[in-house]
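Asks: below are the sequence and a predicted model; questions follow.
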Amino acid sequence: MNEFPNRLCRALVAGAALAVLPAMVAAFPAPKLDFSEFEMQLAQSVAGDPGLAAFYGAHGLKPVFLGPEAAPRRAALLDAVRQAPLHGLPPQRYDTSGLDPDTPARDVGTELRFARVLSRWADDVSNGLVDPARTDGMNKREVIAVDMPALLDRMTSGDPAAALAALEPQDPAYLQMKEMLAKQASLVAPPGAPDVASGLYRIGTSGPDVADLRQRLASIGFEAATPPVDPQSFDEGLAGAVADYQRAAGLPDDGVAGPKTLARLNGADTGPQTRRLMIAMERMRWLNGHDLSTRMIWVNIPSYMAEIREGGQTVFETRVVVGKPEADWETPEFSDRMEFVVPNPRWNVPRSIAAQSYLSKLRANRYAVSHLDVVDRRGRVIPRENIDFNQYTDRNFPYTLRQKPSADNALGQVKFMFPNPYNIYLHDTPSKGLFGNATRAYSHGCVRVGRPFDLAYELLRGNSSDPKGLFQRALSTGEERWIKLDEPLPIHLVYFTTIPGPDGKLRTYPDVYGRDARVWNAMQKAAEANS
């Protein structure tokens, strides 16, 4: 059978739910398809790219970017990618050299160049520059791919510039960070301003390099409060201007212009504030497929806080304890759906904890850790006198250890379930003292909640006009009860070390797991791969 119809079919099937598709697919493998040379070349070229195949399948393999009628689309796309630095995206990823909104070209090559710029831009600005799962083993987040046929429809039936502008996250935090990033860009002196020679400039330093420093700061609006007696002398006024610049750039504001300050001022380094913003914007793009304006639970791991948000506003918050910064104990990043409130939970000890913490004690004394039941695979409690623990190793131990419901249960008196492959959930804890600590990374991965009963009442609002009464009645039974939420809601476990607060001011938190550096390295590699 002819290879071209096979490849064409694969290209079109990738854009499955398209009005043009059924008749064309039904025609295969008939050899007398009436395709133009342009359509044949286009189909062959996009066969290996599902996004572009869907894109052109939705348009009947007709050009999208060629011809006078496509000029607004060409112009909108070229204008959009010129905004890459405002998103912290590397401009070199979008090769627009030689592309002109007024091009008279009619060839497939030019069409595909525009299309590939669009495909890469749409993916980067909507989903992120890098795949989150490849930045860190504990990043389980999955991005939601751009709907290319829907994008095509918006670009061809409406305003293409508006269609492209809608690709970026519309969350207020992202838009605020865009503005902040633009201000950071303004902290690099414009072309023509003299570079400042390397050195250490402080009060008492003098020479022509001090005059260059003074001029470079003034070129971006950081002038000394009082005119200098001698422009070549580093005086109190210049120290104040340097400190003002350092605060704006996110540097220690000691008023001394050293290597980090000069690198930022000369444009040789992006600066810590710029890096933090770029990483945070990348993380926000990973969330772009989710509606962050809906009612949801937001757990920011570095801030050690959990919130319920409605319409972007916090309506409930509580301190939390997250996983230890150790292998296998970190709290992962992912999104899911909160479905159950569970009063009086039993604790099924994770196998890793049972093997590492308890099995050796049971070998020494079968009646050790008496607060735990030994349960077989059928869920039956097995009397300890019937078990020879010494015949088992960490690998072949066939039982589960389970703790009965109680106030001393490791999960406290309530847990909150959003069933997921990682066995992560929110729960109460008998160890209340940890919530008073500034650093709260002590768990084995799950998230301990400082105000668990209040969280339960808030989540059960949709189940009852008296959510507190509903919860307390279930709790009073002393038995494990699973209360299914009548109004399940999204939960996002996120990792923002930098993000605007409700007041619009940038908040920063410790990088407890060192994940920012790995995201930044991945972003740099993606940029360098296309330079």
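Replies: Nice, thanks for sending it over. All values derive from a computational prediction rather than experimental measurement.
Asks: residues in contact with Ala80?
Replies: 121, 125, 161, 164-165 (C-beta atoms under 8 Å, 6 or more residues apart in numbering). Every C-beta, even on glycine, is put in place using the N, C-alpha and C of the backbone.
Asks: let's see that with 7 Å instead.
Replies: For Ala80, the contacting residues are 121, 164, by C-beta atoms under 7 Å, 6 or more residues apart in numbering.
Asks: quick check: what element follows the helix or strand containing it along the chain?
Replies: Per DSSP states H and E, Ala80 falls inside helix 71-81. The C-terminal neighbour of helix 71-81 among helices and strands, as given by DSSP H and E, is helix 108-127.
Asks: now the angle from that following helix to helix 71-81?
Replies: In terms of direction (axes from the mean of the first three to the mean of the last three C-alpha atoms, to 10 degrees), helix 108-127 departs from helix 71-81 by 50 degrees.
Asks: and helix 108-127, what does it pack onto?
Replies: Judged by 3 or more C-beta pairs under 7 Å, 6 or more residues apart in numbering; DSSP states H and E, helix 108-127 is in contact with helix 37-46, helix 50-57, helix 71-81.
Asks: any chance of JSON lines for these, columns distance to Asn266?
Replies: Below are the helices and strands packed on helix 108-127 laid out as JSON lines (distance: least, C-beta to C-beta, whole Å):
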{"stretch": "helix 37-46", "distance to Asn266": "44"}
{"stretch": "helix 50-57", "distance to Asn266": "40"}
{"stretch": "helix 71-81", "distance to Asn266": "27"}
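Asks: could you say which of these is packed most deeply?
Replies: Ranked by mean neighbour count, the helices and strands packed on helix 108-127 are led by helix 50-57 with a mean of 25 (mean count of other C-beta atoms under 10 Å).
Asks: run the chain-centre distance for it.
Replies: Relative to its chain's centre, helix 50-57 lies at 26 Å (C-alpha atoms, centre = their mean, to the nearest Å).
Asks: quick one: average confidence on that helix?
Replies: Helix 50-57 comes out with an average pLDDT of 86.
Asks: what's the helix or strand Phe416 falls within packed up against?
Replies: Phe416 is located in strand 414-417, with elements delineated by DSSP H and E. Judged by 3+ C-beta pairs under 7 Å, 6+ apart, strand 414-417 is in contact with strand 334-343, strand 426-427, helix 452-459.
Asks: contacts for that strand next, please.
Replies: So strand 414-417 is contacted by 338-343, 345, 425-428, 452-453, 455-456 (C-beta under 7 Å, 6+ apart).
Asks: returning to what we had before: the helices and strands packed on helix 108-127: which one's closest to Gln472?
Replies: helix 50-57 (51.9 Å; C-beta to C-beta).
Asks: quick one: the closest one to helix 37-46, angle?
Replies: Using the same axes, to 10 degrees: helix 50-57 against helix 37-46 is 160 degrees.
Asks: other SSEs contacting helix 50-57?
Replies: Using 3+ C-beta pairs under 7 Å, 6+ apart, the elements in contact with helix 50-57 are helix 3-13, helix 37-46, helix 108-127, helix 148-157.
Asks: show me the shaky parts of the protein.
Replies: 1-35, 530-531 (pLDDT under 70).
Asks: how's it carved up into domains?
Replies: Domains of the chain are assigned by automatic domain parsing as 3-57, 291-508.
Asks: what separates the longest one from the chain centre, distance-wise?
Replies: Okay, so that is domain 291-508. 23 Å.
Asks: got the end-to-end distance for it?
Replies: End-to-end span of domain 291-508 (C-alpha to C-alpha, to the nearest Å): 24 Å.
Asks: may I have the strand holding Phe416 as CSV, with CA atoms only?
Replies: Presented in CSV, the C-alpha positions along strand 414-417 are these (Å, rounded to 0.1, in the frame of the first residue of the first chain):
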residue,chain,number,x,y,z
VAL,A,414,-9.2,13.0,61.1
LYS,A,415,-7.6,12.6,57.7
PHE,A,416,-8.5,14.1,54.3
MET,A,417,-8.3,11.8,51.3
